[in-house]
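Peer 1: Give me coordinates for this.
(4 chains)
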2 protein chains.
Amino acid sequence: MTSSRATLIQVAERAGVSLASTSRALHGSGASEAMVERVRAAAAELGYSPDVTGRSLRLRKTFQIAFAVADIGNPVYVEMMTAIHEVLAPHGYRVVVMTTGDTPASTTELVRSLGSGFVDGMVLSPLRTDDGLVRAIKQAPVPVVVIGRSLGDQGIDSVSTDSAGGIGQAVRHLLETGRRRIGFLNGPPDTTPGEARRRGFDAAASDPGFAAERVEVALAEDFTVAAGVAAAHRLLAGAPDGGARLDAVVAANDLLAIGAIRAARELGLSVPEDVAVTGMDDTELGRVFQPSLTSVSLGSDERGHAAARIMLRLVDGDAGEPQTTSVGPRLVVRESTVPRPARASAPGEGVR
Amino acid sequence: MTSSRATLIQVAERAGVSLASTSRALHGSGASEAMVERVRAAAAELGYSPDVTGRSLRLRKTFQIAFAVADIGNPVYVEMMTAIHEVLAPHGYRVVVMTTGDTPASTTELVRSLGSGFVDGMVLSPLRTDDGLVRAIKQAPVPVVVIGRSLGDQGIDSVSTDSAGGIGQAVRHLLETGRRRIGFLNGPPDTTPGEARRRGFDAAASDPGFAAERVEVALAEDFTVAAGVAAAHRLLAGAPDGGARLDAVVAANDLLAIGAIRAARELGLSVPEDVAVTGMDDTELGRVFQPSLTSVSLGSDERGHAAARIMLRLVDGDAGEPQTTSVGPRLVVRESTVPRPARASAPGEGVR
DNA sequence: TTGAAAGCGCTAACAG
DNA sequence: CTGTTAGCGCTTTCAA
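Peer 2: Residues are numbered from 1 along each chain as shown, chains lettered A, B, ... in the order given. Predicted coordinates for the structure are as follows:
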């Protein structure tokens, strides 16, 4: 850590030309071959690197995009962040990570803070949304792309997925593989994902073809393994009326599903023989788990990519109508629902 | 997304006072009660929020810290990032995530780019280090704190851990629990972690008390589950000379350890009965895995916290001698090495 | 093609 | 306590 850095003025002096010419020679157009040569040399001698702060002030552009979620440690968000970074970095944009807090109010405050101009845009995946937040997003001084609920009809660019439909896929898969007593293990239903999963399960259960004999619901306190273990214990401990035990659990995400498998084991039940378990998000954790987890992929990385691409379009001034992109859910069948993998198992299959 | 934002000048005009007074009333000291009142009102009416770009240029301070690693999706780095964010955010610093690439050259380039002044400092965990990188760090125009190798003797602030000693703890644990034929499953040995692990294993194997009858080493192509499965297959497939099979595997990280457990299962071996497996990093993945993974915690979050605290000290101008903080490794015994957990098992025990 | 100069929004030294 | 003014480093008109 040493010395203060050379400025453009110093490069100009060194090259014996004007400030404007120096700037042009370095970035802009309209400089002679000789000028470029001369300035480049001077810049190199001084180890000049342009100051982004001055540039930002002048250009009114930071080349930074914020990624804001409630929990930056959640594997799903990590995957999104990685995808967003992958898309933005080659375009010269930096990614700033931020946390929304878990209330709509704190998220709204974060969106309002965009007024300070520290980023050119924000990719936001709010855990909970309300009118105030929607309003703040629409009034934000920089583009905001929402990952989660489809807000296209509100005039907000968003990337959504049909997690409700995904729950339906899981339920149908369980019915098709002969399960009839199904437990639904959801997280907090007042969150965007919790609400969507609940809706999905209700829809599946209302379907004319829904052949289950028994249905139970348990709510975990949050979307974690520990909360899943606790709630799944209640689900699997046995029917209060002495009826037959559940033979399947549909979990609202992979972490809850892992919790359910642990709870099953603690109760002496084997997975998938006694009870089948499905997760959602198709995380690495689920892929490498034993038994590997049947899970509904919601394309976290695709959603991240999509959001980042929309953002690039927006910060490049290409306004257009707010658009909603959708990524379809996709069931990936693994060992937690069927004794043998659907496909022939090669060593390390399904593992990356 | 609307309109351009109000500036300090506009607030000043609205309040009918000077620019300087407005600035002072809002942040600085030395403004009368009445002035503060008046300016605040004007600011509120205009929905003014200060522009950080102008502020940064003037103050020569961005209130941003970079966190740079090779793979921002790696759970260990995610944990560090979360910890860093936790410490920095309350102090008003934003976290910018960056990737180093996996060569010393690309990392050096990244460190050099700090000359552009987009952050006030960088927390860096390089996968590979060379002299050029060390030099670049020392010459960086902003503070750099390195997580990984201890670089204190080089005059670089760093947070290290004794992963070599951690490998020793794992080896001793295996010997103490009766294992005698030990395989060492390492990742690429030309990386900082790979090198340290190798050193640790060599040291443990050279110890006078090292009671193993047989030792094998396998190198995975990288620190992933898939690479671990492949390399562990070689390790466990059986001794070329027809000798007894290994009864323990010391893996260089949790992902490789999970790979080893999968490979064991694919070969019809049970863990921990036939073969015990230890990991390193004590990740969530290992904690929830079945069997839960005995692992050496390297305190990723503590290291992140420590690095962030050092960084805060540095950006607050408190120079002082470069310091090396160290976080001790800590073996956490779970099911992958002993049939029963070390402690009585409560429901969901070891899961968070 | 080149140079002079303005100004992005802000803070702080200085004078009153 | 308040106002005037300079200037952080840069890009971009506008004239020459």
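
Peer 1: I'd guessed A:Thr103 sits against A:Arg128; true?
Peer 2: Yes: under the criterion of CB atoms under 8 Å, A:Thr103 is in contact with A:Arg128, at a separation of 6.4 Å. Every C-beta, even on glycine, is put in place using the N, C-alpha and C of the backbone.

Peer 1: And for A:Ile258, the neighbour number?
Peer 2: 30 (other CB atoms under 10 Å in any protein chain shown).

Peer 1: Tell me the confidence at it?
Peer 2: Looking at A:Ile258, its pLDDT reads 97.

Peer 1: In contact with it: list those residues for me.
Peer 2: Counting by CB atoms under 8 Å, 6 or more residues apart in numbering or on different chains, A:Ile258 touches A:225, A:228, A:279, A:285-286, A:289, A:293, B:288.

Peer 1: ok, of those, which one's closest to A:Ala42?
Peer 2: A:Leu285 (53.8 Å; CB to CB).

Peer 1: Double-check that the closest one belongs to a strand.
Peer 2: No: secondary structure of A:Leu285 (DSSP: H, G, I helix; E, B strand; the rest coil): helix, not part of a strand.

Peer 1: how many neighbours does it have?
Peer 2: 24.

Peer 1: before we move on, back to that, quick one, which of the contacts of A:Ile258 are buried?
Peer 2: Buried residues within the contacts of A:Ile258, counting neighbours by 16 or more other CB atoms under 10 Å in any protein chain shown: A:225, A:228, A:279, A:285-286, A:289, A:293, B:288.

Peer 1: out of A:Thr103 and A:Arg128, which sits in the busier spot?
Peer 2: Set A:Thr103 next to A:Arg128 and count neighbours by other CB under 10 Å: A:Arg128 wins out with 22 against 15.

Peer 1: In space, what's closest to the more buried one - neighbours in sequence excluded?
Peer 2: A:Pro104 (5.1 Å; CB to CB, 6 or more residues apart in numbering or on different chains).

Peer 1: right, and that neighbour touches A:Gly132 too?
Peer 2: Yes: A:Pro104 is within contact range of A:Gly132, at 6.3 Å (criterion: CB under 8 Å).

Peer 1: more crowded one of these two?
Peer 2: The residue with more neighbours, out of A:Pro104 and A:Gly132, is A:Pro104; 19 against 14, by other CB under 10 Å.

Peer 1: What's the nearest residue in the stretch 101-250 of chain A when you look at DNA strand C?
Peer 2: A:Gly117 (7.6 Å; CB to the nearest atom of the strand).

Peer 1: Let me see the contact set for that residue.
Peer 2: Contacts of A:Gly117 by CB under 8 Å, 6+ apart are A:60, A:62, A:141-142, B:5, B:51-53.

Peer 1: rerun at 7 Å
Peer 2: B:51-53 (CB atoms under 7 Å, 6 or more residues apart in numbering or on different chains).

Peer 1: Torsion angles phi and psi at it?
Peer 2: Dihedral pair for A:Gly117: phi 70, psi 30, per degrees, to the nearest 10.

Peer 1: swap in the one 4 residues further on?
Peer 2: For A:Gly121, the backbone dihedrals (degrees, to the nearest 10) come out as phi -180, psi 170.

Peer 1: For it, list the residues it contacts.
Peer 2: Contacts of A:Gly121 by CB under 7 Å, 6+ apart are A:65, A:142-144, A:311, A:314-315.

Peer 1: Take the worst-scoring helix or strand of chain A on mean pLDDT, keep the C-alpha atoms, and write them as CSV.
Peer 2: Lowest on mean pLDDT, DSSP states H and E among the helices and strands of chain A sits helix A:284-288, with a mean of 93. Provided in CSV are the C-alpha atoms of helix A:284-288 (Å, rounded to 0.1, in the frame of the first residue of the first chain):
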residue,chain,number,x,y,z
GLU,A,284,-26.0,-29.0,-4.8
LEU,A,285,-26.9,-30.1,-1.3
GLY,A,286,-29.8,-32.2,-2.5
ARG,A,287,-27.8,-33.6,-5.4
VAL,A,288,-25.1,-35.0,-3.2
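
Peer 1: and it, what other elements does it pack with?
Peer 2: helix A:254-266 (3 or more CB pairs under 7 Å, 6 or more residues apart in numbering or on different chains; DSSP states H and E).

Peer 1: Please point out which parts of stretch A:327-341 sit buried.
Peer 2: Quick answer for stretch A:327-341 (16+ other CB under 10 Å): A:327, A:329, A:331-338, A:341.

Peer 1: Among those residues, pick out the one closest to DNA strand C, please.
Peer 2: A:Val327 (37.5 Å).

Peer 1: What score does that closest one have for pLDDT?
Peer 2: 96.

Peer 1: so how far is DNA strand D from it?
Peer 2: The spacing between A:Val327 and DNA strand D, counted by CB to the nearest atom of the strand, to the nearest Å, is 36 Å.

Peer 1: same question, A:Ser21
Peer 2: Counting by CB to the nearest atom of the strand - A:Ser21 and DNA strand D are separated by 8 Å.

Peer 1: Tell me which residues touch that residue, please.
Peer 2: A:Ser21 sits in contact with A:31, A:35, where contact means CB under 7 Å, 6+ apart.

Peer 1: Double-check that it belongs to a helix.
Peer 2: Yes: secondary structure assignment places A:Ser21 in a helix (three-state DSSP).

Peer 1: Low-confidence bits of the stretch 51-200 of chain A, can you list those?
Peer 2: Counting by pLDDT under 70, not a single residue of the stretch 51-200 of chain A qualifies.

Peer 1: near DNA strand D, which residues of the stretch 51-200 of chain A?
Peer 2: Where the stretch 51-200 of chain A comes near DNA strand D, counting by CB under 7 Å from any atom of the strand, the residues are A:51, A:53-55, A:57-59.

Peer 1: give me that answer again for 6 Å
Peer 2: Proximity of the stretch 51-200 of chain A to DNA strand D, by CB under 6 Å from any atom of the strand, involves residues A:51, A:54-55, A:57-59.

Peer 1: just the buried members of those?
Peer 2: A:51, A:55, A:57.

Peer 1: residues contacting the first one?
Peer 2: For A:Asp51, the residues meeting the contact criterion (CB under 7 Å, 6+ apart) are B:116-117.

Peer 1: roughly how far apart are it and B:Val315?
Peer 2: The spacing between A:Asp51 and B:Val315, counted by CB to CB, to the nearest Å, is 18 Å.

Peer 1: now swap in the second one and tell me
Peer 2: For A:Arg55, the distance to B:Val315 under the criterion CB to CB works out to 22 Å.

Peer 1: now the last one
Peer 2: Spatial separation of A:Leu57 from B:Val315 under the definition CB to CB is 21 Å.

Peer 1: on that earlier part again, run through who's touching the least confident helix or strand of chain A.
Peer 2: By CB under 7 Å, 6+ apart, helix A:284-288 touches A:75, A:254, A:257-258, A:279, A:292-293, A:295, A:350-351, B:225, B:258, B:285.

Peer 1: From A:Thr337, how far out is the residue of the stretch 151-300 of chain A found nearest chain B?
Peer 2: Here the stretch 151-300 of chain A gets closest to chain B at one residue, A:Val229, 3.7 Å apart by CB to the nearest CB. Here the criterion is CB to CB. By it, A:Val229 lies 19 Å from A:Thr337.

Peer 1: Tell me where the stretch 201-350 of chain A has strands.
Peer 2: A:214-219, A:248-251, A:276-280, A:294-297, A:324-327, A:330-332 (DSSP state E, counting those that start in this stretch).

Peer 1: Which positions within stretch A:233-240 qualify as buried?
Peer 2: A:233, A:235-236.

Peer 1: Then stretch A:303-321?
Peer 2: So, applying 16+ other CB under 10 Å, buried residues of stretch A:303-321: A:303-315.

Peer 1: same check, this time on stretch A:8-18
Peer 2: Per 16+ other CB under 10 Å, stretch A:8-18 contains these buried residues: A:8, A:11-12, A:14-15, A:17.

Peer 1: I am finished for the moment; much appreciated.
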